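Asks: Turn this into a structure:
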Amino acid sequence: MSRKNRAHTPEYQWEQSLLAAYYDSRWRQVLDPLYDKFQRWKAGELDHAEMDKAIHQTHKQTQESYGVFTLKREIMVRAIQLNEDWFQDWVGANPTPVGYHLG
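Replies: This is a model prediction of the structure:
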């Protein structure tokens, strides 16, 4: 089956939903704490040194996330399944298509 035709299959669409949900979840996991720290900094609760540290820590996490999201699709789908708690919650609400085998 050509790549173009595969994009219309239930399996591909399920995987696409998985990837999109994990992408959003991972970026929220990485960026929400930084957003909270920016709010605390704006309120005068954190100084510039604490913000500098938070930004550098977040940058490292974004690099790690980017590394996952640049893998081949099949590897990403399998890698997401290794995040068992997140994956089990997601797949519970988004059952696999009939005949789809989890890696």
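Asks: low-confidence ranges in this protein?
Replies: For the chain, residues meeting the criterion pLDDT under 70 lie at 1-4.
Asks: Longest helix in it, please.
Replies: Across the chain, the longest stretch assigned as helix under DSSP state H is helix 10-42.
Asks: elements contacting that one?
Replies: Using 3 or more C-beta pairs under 8 Å, 6 or more residues apart in numbering; DSSP states H and E, the elements in contact with helix 10-42 are helix 48-69, helix 73-81, helix 84-93. Every C-beta, even on glycine, is put in place using the N, C-alpha and C of the backbone.
Asks: Contacts only, for residue 15.
Replies: Each residue near residue 15 by C-beta atoms under 8 Å, 6 or more residues apart in numbering is listed here: 73, 77.
Asks: distance of residue 7 from residue 77?
Replies: From residue 7 across to residue 77, the span is 15 Å (C-beta to C-beta, to the nearest Å).
Asks: which of those two has more neighbours?
Replies: The neighbour count for residue 7 versus residue 77, taken as other C-beta atoms under 10 Å, is higher for residue 77 (18 against 11).
Asks: pretty sure that one contacts residue 96?
Replies: No: with contact defined as C-beta atoms under 8 Å, residue 77 does not count as touching residue 96 (11.0 Å).
Asks: Can you get me a residue count around residue 26?
Replies: The burial count for residue 26: 20, using other C-beta under 10 Å.
Asks: Excluding covalently adjacent residues, which one is nearest to it?
Replies: residue 65 (5.2 Å; C-beta to C-beta, 6 or more residues apart in numbering).
Asks: And for residue 79?
Replies: Residue 79 sits nearest to residue 68 (C-beta to C-beta, 6+ apart), 6.0 Å away.
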